[in-house]
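Undergrad: quick one, fold the following:
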Amino acid sequence: MRVIRVERFGGPEVLVAVDAPEPVAEDGQVMIEVAAVDVIFVETSIRGGWGEEFFDVRPPYVPGGAVAGTVVSAGAGVEAGWVGRRVAARVGVKDGAGGGYAERVAVPAGRLAEVPEGLGLAEAAALLHDGPTALALLEQNGIRPGERVLILAAGGGMGVLLVQLARAAGARVVAAARGGAKLELARKLGADVAVDYTGPGWAGRVVEATGGAGPDLVLDGAGGRIGREAFEITAPGGRFSAHGAPGGGFTEIDPAEAGRRGITVRGIQHVQLVPAERDRLIGRALAEAAAGRLTPVIGRTFPLERAADAHAAIESRAVVGKTLLLP
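TA: All right, here's what the predicted structure looks like:
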């Protein structure tokens, strides 16, 4: 069986295709023939050696935290009826083992979510990371109709979901992203205004788009300098979610400054969901997508053996929406 392994921390070239022993569905597990693997930005950062304080991952390891496919066998204690079903599952990454960049994976049956009829396996995989996180952010921040919501990294996998969800909640959505293709997509998905945050004066344009008041809520999937500039224009009494780090780390916010301005700040720790809550939100995301109310956008797909190219594409910010591996 082929897997992709990170032999050492470094650039995309450290992702190497190797032969590995065939997994076995042990007691309480099933084996999944993988059809699609979600690839997310944070996996590229971990591969590069970032985030040791957040993620207990050391080489050699198989990356990948989410797959979709078909159950091909079941271990003892698992209902035989799972065999043949289309499923999606979060998978674990640990030293020397684990993740989903593989042709087949063995996972506990308790982690399975059945993929609803009418939803493709690629679309299901695209929702496993970002779907529950996006839904949790909307629930935690309680968007009200008419509120002004700024979404950073609006052209990424989670950003496109947040644009749709905020719009459906009745918000006035300002989407900020990099480049014309991502801005065009954000408008198509329902953003009232789309702003390129790589240009000078972008924050001023957001203030203008919110009638001079600034956003009531910032959903910060960018971090770094961009996140900081967004915090500076957040309306007094507003809310700020610093959950993204591709811009150079999570946005650093002085609690005293936030307190003076009456801004409620949430961080990445607020979307570290317990398993039961994550399972609930995965099920909801899949159901919403199957019903046509939530659309994951898949920008690029790569064969498993080209995982290094997938990481390079994500790091270059060349992908609109999600990137998937298709074993």
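
Undergrad: care to break this structure down by domain?
TA: Here the chain is described, according to the TED database, as comprising the domains 2-114+297-325, 130-270.

Undergrad: columns mean neighbour count and mean pLDDT on top of the ones you listed, output as CSV?
TA: For every residue, glycine as well, the C-beta is placed using N, CA and C. Below are the domains of the chain laid out as CSV (neighbours: other C-beta atoms under 10 Å; pLDDT from 0 to 100):
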stretch, mean neighbour count, mean pLDDT
domain 2-114+297-325, 19, 92
domain 130-270, 20, 96
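
Undergrad: any chance of TSV for these, columns distance to residue 276?
TA: Putting the domains of the chain into TSV (distance: least, C-beta to C-beta, whole Å) gives the following:
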stretch	distance to residue 276
domain 2-114+297-325	10
domain 130-270	12
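
Undergrad: so which of the ones you listed comes closest to residue 277?
TA: Closest approach to residue 277 among the domains of the chain (C-beta to C-beta): domain 130-270, 7.5 Å.

Undergrad: how far off centre is that closest one?
TA: 15 Å (C-alpha atoms, centre = their mean, to the nearest Å).

Undergrad: quick one: end-to-end distance for that domain.
TA: Taking C-alpha to C-alpha, to the nearest Å, the first and last residues of domain 130-270 lie 14 Å apart.

Undergrad: would you map the helices across the stretch 1-150 of the chain?
TA: Secondary structure of the stretch 1-150 of the chain (DSSP state H, counting those that start in this stretch): helices located at 41-47, 121-127, 130-141.

Undergrad: please read the previous query as pertaining to the stretch 151-300 of the chain.
TA: 157-168, 180-188, 202-209, 224-233, 255-261, 275-290.

Undergrad: packing partners of the third one?
TA: For helix 202-209, the contact count by 3 or more C-beta pairs under 8 Å, 6 or more residues apart in numbering; DSSP states H and E identifies strand 172-177, strand 193-196, helix 224-233 as packing neighbours.

Undergrad: kindly export it (C-alpha atoms) in CSV.
TA: Provided in CSV are the C-alpha atoms of helix 202-209 (Å, rounded to 0.1, in the frame of the first residue of the first chain):
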residue,chain,number,x,y,z
TRP,A,202,-7.7,47.7,2.1
ALA,A,203,-8.8,48.3,5.7
GLY,A,204,-10.1,51.7,4.9
ARG,A,205,-12.2,50.2,2.1
VAL,A,206,-13.7,47.8,4.6
VAL,A,207,-14.6,50.7,6.9
GLU,A,208,-16.2,52.5,4.0
ALA,A,209,-18.2,49.3,3.1
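
Undergrad: quick check: angle from that helix to strand 172-177?
TA: 160 degrees (axes from the mean of the first three to the mean of the last three C-alpha atoms, to 10 degrees).

Undergrad: would you mind getting the angle between helix 202-209 and helix 224-233?
TA: With the same axes, to 10 degrees as the basis, helix 202-209 and helix 224-233 are set at 30 degrees to each other.

Undergrad: the strand of greatest length in the chain to helix 157-168, inter-axis angle?
TA: Ranked by residue count, the top strand of the chain under DSSP state E comes out as strand 29-39. Comparing the axes of strand 29-39 and helix 157-168 via the same axes, to 10 degrees yields an angle of 80 degrees.

Undergrad: which strands or helices does strand 29-39 pack on?
TA: strand 66-74, strand 86-90, strand 104-108, helix 121-127, helix 307-315, strand 322-326.
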